[in-house]
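A.B. asks: here you go, sequence then predicted model.
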Amino acid sequence: MVEVVDELKAKLAEIDRKMEELRREIVVLEAQKSAFETVIRVYDPSFALAAPPSKARASSRETASGRVTELLKGRNNRHIVLDILRRAERPTTTAEIAERFANEADLGSEAARLESALTSRFSATLNGLVKQGLVRQAGTADGRRHLWEISR
């Protein structure tokens, strides 16, 4: 039984790797397509873009956002963020808060895909907590990302 589970885990990791490769390839192809369209329009201003193929499913950004909404349903974002900040030994970035939440929620291979959507959601929560005086910015990491801590 353990061998079957190990094989399934390996196959899942392989599928995740292939999907990530495809996402990277799509980004490159979209950039090339845009460049071709730009050049074509220079030489043929009447050029009409072909209708993009219909998307059978939502973009990964939309599905990640929907998954985060589902994941956080019935939970209090303020309590999640405050709890993580209270346990942190140093000021923490929003991305680190999202990463800690993902680890504690045991999201496994899904964690990396959801981190951006979680970071966005927790960023909005942190802005509200600042207005309430419960957290404060404690400088920046790398000159652009805010560090957060509990207000004392």
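C.D. replies: Noted; the coordinates are in hand.

A.B. asks: tell me which residues of the helix or strand of the chain with the lowest mean pLDDT come out buried.
C.D. replies: Comparing every helix and strand of the chain by mean pLDDT, DSSP states H and E singles out helix 60-72 as the least confident one, with a mean of 75. Within helix 60-72, the residues scored as buried using 16 or more other CB atoms under 10 Å are 64, 65, 67, 68, 71, 72. Where you see a C-beta, it was placed from the backbone N, CA and C, and this is true even at glycine.

A.B. asks: dump the residues you listed into a markdown table; add distance to residue 94 as well.
C.D. replies: What follows is the buried residues of helix 60-72, written out as a markdown table (distance: CB to CB, whole Å):
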| residue | distance to residue 94 |
| --- | --- |
| 64 | 16 |
| 65 | 16 |
| 67 | 18 |
| 68 | 14 |
| 71 | 17 |
| 72 | 15 |
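
A.B. asks: pick the one among those closest to residue 16.
C.D. replies: Nearest to residue 16 among the buried residues of helix 60-72 is residue 64, at 14.0 Å by CB to CB.

A.B. asks: what's the closest non-adjacent residue to the most centrally placed residue in the chain?
C.D. replies: The centre of the chain sits closest to residue 116, judged by CA atoms, centre = their mean, with a distance of 1.8 Å. Using CB to CB, 6 or more residues apart in numbering and skipping residues adjacent in sequence, the residue nearest residue 116 is residue 64, 6.8 Å away.

A.B. asks: likewise residue 151?
C.D. replies: In space, residue 151 is closest to residue 136, 4.8 Å off (CB to CB, 6+ apart).

A.B. asks: which element, helix or strand, includes that neighbour?
C.D. replies: Element membership for residue 136 (DSSP states H and E) is strand 135-141.

A.B. asks: what's the longest helix in the protein?
C.D. replies: Identified as the longest helix of the chain according to DSSP state H is helix 2-43.

A.B. asks: tilt between that one and helix 60-72?
C.D. replies: Angle of helix 2-43 versus helix 60-72, following axes from the mean of the first three to the mean of the last three CA atoms, to 10 degrees, is 140 degrees.
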